[in-house]
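J.: pasting the sequence and the predicted coordinates here, then a few questions.
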Amino acid sequence: MQKMKSLPVRESSLFLGKAVLTVFMSLFVLVLQAGAVAFCTCYWFEIENGFFRELCRYFGYSFLLLLPCALLPLLISEACRNMWVSLGIGVVCVFTATMLPAADFALSLFPFAMPFQIFAGTDIPRATHYIFGAVAELAGCGLAQLLLVKGCWQRRKS
């Protein structure tokens with residue numbers, strides 16, 4: 001981190017670059033999964049009308065709920081100087097997410113628990129609440145990153 005901070009680049013652009021790379025790699029993995037599901041469905045079953053629309057809706061929902069869980073560790077790692085602290089926080093958060101009851105809506109909005117929410121069988125208002133929660137968490141993560149960079153910049157200037 002110290003070497004990256006000494007580069008002639010703004011710290012916010014480093015975070016943005018890492019975030020974009022993480023988002024594209026997550027999208028790539030989900031596209032591969034969707035392709036595998038489409039291939040298996042086409043090979044072993046008969047594809048019905050609206051299958052690809054439903055597949056895109058399901059994986060789009062999964063992608064949106066995955067984003068806060070993928071970007072929050074970037075923010076944590078930027079806030080912590082020691083990589084073991086950020087790794088420990090991530091491990092504890094993932095463990096906590098597996099222990100949270102999925103029936104409680106407020107607890108299921110925990111960023112590390114959101115990827116465990118599935119679209120199939122979820123009613124539309126609840127899915128909409130999850131989407132709004134994910135967007136709010138992404139906005140909060142972006143705001144926290146801006147405040148973190150501004151705070152580090154102000155400390156370095158003085």
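T.: Cool, the structure landed.

J.: now residue 15: closest residue in space that isn't a chain neighbour?
T.: Once flanking residues are discounted, residue 15 sits nearest to residue 145: 5.5 Å by CB to CB, 6 or more residues apart in numbering. Every residue, glycine included, has its C-beta placed from N, CA and C.

J.: ok, the one you found - how many residues close by?
T.: Residue 145: 20 surrounding residues under other CB atoms under 10 Å.

J.: my read is that it contacts residue 75, right?
T.: Yes - counting by CB atoms under 8 Å, residue 145 does reach residue 75; the two are 5.5 Å apart.

J.: common neighbours of the two, please.
T.: Taking CB atoms under 8 Å, 6 or more residues apart in numbering as the criterion, residue 145 and residue 75 both touch residue 15.

J.: related to what we said a few turns ago, which pLDDT value goes with the residue nearest to residue 15?
T.: Model confidence at residue 145, given as pLDDT, is 86.

J.: any idea how far residue 102 is from residue 122?
T.: Here the criterion is CB to CB, to the nearest Å. By it, residue 102 lies 11 Å from residue 122.

J.: more crowded one of the two?
T.: The neighbour comparison of residue 102 against residue 122 (other CB under 10 Å) goes to residue 122, with 14 against 11.

J.: next SSE downstream of whichever strand or helix holds residue 86?
T.: In the assignment (DSSP states H and E), residue 86 maps to helix 83-99. Moving toward the C-terminus from helix 83-99, the first helix or strand encountered (DSSP H and E) is helix 105-108.

J.: chain center to that next one, what's the gap?
T.: 16 Å (CA atoms, centre = their mean, to the nearest Å).

J.: now swap in stretch 9-26 and tell me
T.: The answer for stretch 9-26 is 13 Å, by CA atoms, centre = their mean.
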